[in-house]
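Novice: coords below, sequence missing:
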């Protein structure tokens with residue numbers, strides 16, 4: 001898996017600001033659309049199947065992960081923050097800049 005590096009333009013880069021890594025909203029929105037589509041499909045099947053009205057009621061459960069994904073995409077939580085003082089994961093300090101030794105990215 002190749003690793004691509006992107007140069008940050010100096011016009012937009014401010015070393016005094018925090019760098020935030022947030023949840024990927026596109027992924028959550030895709031999953032929520034899939035679960036909502038499954039829920040609507042089951043509602044349509046159950047509504048028009050008058051011979052077995054209670055068979056599909058357990059399949060109404062896709063609404064629960066859909067609601068969870070909608071909540072996650074709205075919140076857009078910060079996963080990691082890097083600034084002059086150190087690295088933070090979910091708001092909790094991981095390591096400060098004084099004790100930071102080295103980091104590397106390895107694929108695979």
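Specialist: The structure has been received and is ready for your questions. Given the structure is predicted, the values throughout are model-derived calculations rather than measurements.
Novice: list the buried residues of stretch 19-36.
Specialist: By neighbour count on 16 or more other Cβ atoms under 10 Å, the buried set for stretch 19-36 is 28, 31, 32, 35, 36. Placement of C-beta: from N, CA and C, glycine included.
Novice: can you pull out the helices in the protein?
Specialist: Counting by DSSP state H, the chain has helices at residues 25-48, 63-75.
Novice: got those as TSV, with mean pLDDT and distance to residue 101 columns?
Specialist: Formatted as TSV, the helices of the chain follow (pLDDT from 0 to 100; distance: least, Cβ to Cβ, whole Å):
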stretch	mean pLDDT	distance to residue 101
helix 25-48	83	32
helix 63-75	85	33
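Novice: re the thing from before, tell me the one among the buried residues of stretch 19-36 nearest to residue 20.
Specialist: residue 28 (16.9 Å; Cβ to Cβ).
Novice: am I right that the closest one is in contact with residue 73?
Specialist: Yes. Using Cβ atoms under 8 Å, residue 28 makes contact with residue 73 at a distance of 3.9 Å.
Novice: could you dump the helices of the chain into a markdown table and include distance to residue 85?
Specialist: As requested, these are exported to a markdown table (distance: least, Cβ to Cβ, whole Å):
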| stretch | distance to residue 85 |
| --- | --- |
| helix 25-48 | 27 |
| helix 63-75 | 25 |
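Novice: what's the closest of these to residue 95?
Specialist: When the helices of the chain are compared (using Cβ to Cβ), the closest one is helix 63-75, at 25.8 Å.
Novice: tilt between the closest one and helix 25-48?
Specialist: Using axes from the mean of the first three to the mean of the last three Cα atoms, to 10 degrees, one finds that helix 63-75 and helix 25-48 are set 150 degrees apart in direction.
Novice: now helix 63-75: buried residues?
Specialist: Neighbour-count burial for helix 63-75 [16+ other Cβ under 10 Å]: 65, 66, 69, 70, 72, 73.
Novice: any chance of those in JSON lines, plus distance to residue 22?
Specialist: Listed next are the buried residues of helix 63-75 as JSON lines, based on distance: Cβ to Cβ, whole Å:
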{"residue": "65", "distance to residue 22": "21"}
{"residue": "66", "distance to residue 22": "21"}
{"residue": "69", "distance to residue 22": "15"}
{"residue": "70", "distance to residue 22": "16"}
{"residue": "72", "distance to residue 22": "11"}
{"residue": "73", "distance to residue 22": "11"}
